[in-house]
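S.K.: Quick one: sequence and predicted model below, then my questions.
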Amino acid sequence: MAEAFKNLIGPATVQAVSHHLRRVHRRFDQAGFESQALTGLQALEFKARAQHLAQALMAHLPEDFDRCAGLLEASLVEAPVHPVQVVGHGLHRGRADQVLEGLGHRGSVRGENGFRPPATGAARRAGCRRAGGS
């Protein structure tokens, strides 16, 4: 039987995201992010997992939009391209549209040479705002 779709966002995905953010932002609280992102993750379905991961990111990334967006973009630069998984059952590059759609973003997020953020400022700011922030 095929693995459940929700498992595309699991512990390996959290660890991969954490690893790549730490690679580009030495002050990134890797342990704190992983702890928050993994707490309660297994009980959630796919969309709720994506939202849970986004909340953990917002809590551990800089509040300044430009800095936050820059770190997220930089963390994707050296990620494997073409359908190789990041780590174990981590996030496939080809599944990024599905994950971001689960977060409320619409349309393609992949540019010609890899990932690119949503084009609208409001959608981009929403992803970099701290939980509970304005």
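M.R.: On my side now, so go ahead.

S.K.: Please make it C-alpha for all contacts and neighbour counts, starting now.
M.R.: Noted.

S.K.: quick one, helices of this structure?
M.R.: Assigned by DSSP state H, the helices in the chain fall at 11-24, 30-38, 46-60, 65-77, 96-102, 121-128.

S.K.: Can you give me the neighbour number for residue 31?
M.R.: Look at residue 31: counted by other Cα atoms under 10 Å, it has 11 neighbours.

S.K.: Can you give me the pLDDT of it?
M.R.: Looking at residue 31, its pLDDT stands at 97.

S.K.: and what of residue 65?
M.R.: Reported pLDDT for residue 65: 91.

S.K.: Could you give the number of residues near it?
M.R.: 18.

S.K.: Residue 50 versus that one, what's the distance?
M.R.: Note on residue 65: its distance to residue 50, by Cα to Cα, to the nearest Å, is 20 Å.

S.K.: Residue 30 now?
M.R.: 18 Å.

S.K.: Of these two, give the one with the bigger neighbour count.
M.R.: Here residue 30 and residue 50 are compared on neighbour count by other Cα under 10 Å; more neighbours surround residue 50, at 24 against 19.

S.K.: does that one really touch residue 9, like I thought?
M.R.: Yes - counting by Cα atoms under 8 Å, residue 50 touches residue 9, with 7.0 Å between them.

S.K.: Now the common contact residues for those two.
M.R.: Common contact partners of residue 50 and residue 9 (Cα atoms under 8 Å, 6 or more residues apart in numbering): none.

S.K.: what about this protein, any weak spots by pLDDT?
M.R.: 78-134 (pLDDT under 70).

S.K.: follow-up on the earlier one: including distance to residue 3, could the helices of the chain go into TSV?
M.R.: Formatted as TSV, the helices of the chain follow (distance: least, Cα to Cα, whole Å):
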stretch	distance to residue 3
helix 11-24	14
helix 30-38	19
helix 46-60	13
helix 65-77	25
helix 96-102	16
helix 121-128	28
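
S.K.: Select, out of the ones you listed, the one closest to residue 4.
M.R.: Nearest of these to residue 4, taken as Cα to Cα: helix 46-60 at 9.2 Å.
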